[in-house]
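J.: Predicted model and sequence follow; I will ask about them next.
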Amino acid sequence: MARLPRIIIPGQPQHVIVRGNNRSEIFCCDADYRFYLEKLQAACKKHDCQVHAYVLMTNHVHLLITPFTEIGLSKTLQMLGRYYVQYFNYCYQRTGTLWEGRYKAALIDSKAYLLTCIRGYAE
């Protein structure tokens, strides 16, 4: 079955979730978190996205991010994933995929949902 296209509205915030394959660790030390955030910043700058909030858990990531072009979000996450997987596989002498399928993304379509996401990130 074909994948359904994502709904992307430039300027509309999205709640994005990326999980480790089989919910395994994707961050093992502080350097991993720093590298991920550096590459997230670079990818957002290159592909015209803005991160408003984030949570980096040991086995998954939550992002509150606004793309300003139709392809900005997918290009940002593609670039970030490529850099991070290469880094992680090199550091931990492993091969293969790190992510569990495609990233999940939901439009933030109300102030209530936006505030719920932000409150969740702050806890």
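T.: That came through, no problem. Everything numeric in this text was worked out from a predicted model, so none of it was measured.

J.: distance of residue 52 from residue 37?
T.: Separation of residue 52 from residue 37 (C-beta to C-beta, to the nearest Å): 14 Å. Using the backbone N, CA and C atoms, a C-beta is placed for each residue, glycine as well.

J.: Same question for residue 86.
T.: As judged by C-beta to C-beta, residue 86 and residue 37 stand 16 Å apart.

J.: of the two, who's got more company?
T.: Taking residue 86 and residue 37 together and counting by other C-beta atoms under 10 Å, residue 37 has the greater number of neighbours (14 against 11).

J.: Need the three-state assignment for that one.
T.: Each residue gets one of three states, and residue 37 gets helix by DSSP: H, G, I helix; E, B strand; the rest coil.

J.: Can you check the pLDDT for it?
T.: What the model reports as pLDDT for residue 37 is 98.

J.: Let me see the contact set for it.
T.: 54, 56 (C-beta atoms under 8 Å, 6 or more residues apart in numbering).

J.: cool, the one 4 residues further on as well?
T.: If you count contacts by C-beta under 8 Å, 6+ apart, residue 41 has them with residue 51.

J.: before we move on, which element is it in?
T.: Following DSSP states H and E, one finds residue 41 within helix 30-47.

J.: relative to helix 30-47, how tilted is the helix or strand that that helix is followed by?
T.: Counting by DSSP H and E, the element after helix 30-47 in chain order, helix or strand, is strand 49-56. Computed with axes from the mean of the first three to the mean of the last three C-alpha atoms, to 10 degrees, the direction of strand 49-56 lies at 160 degrees from that of helix 30-47.
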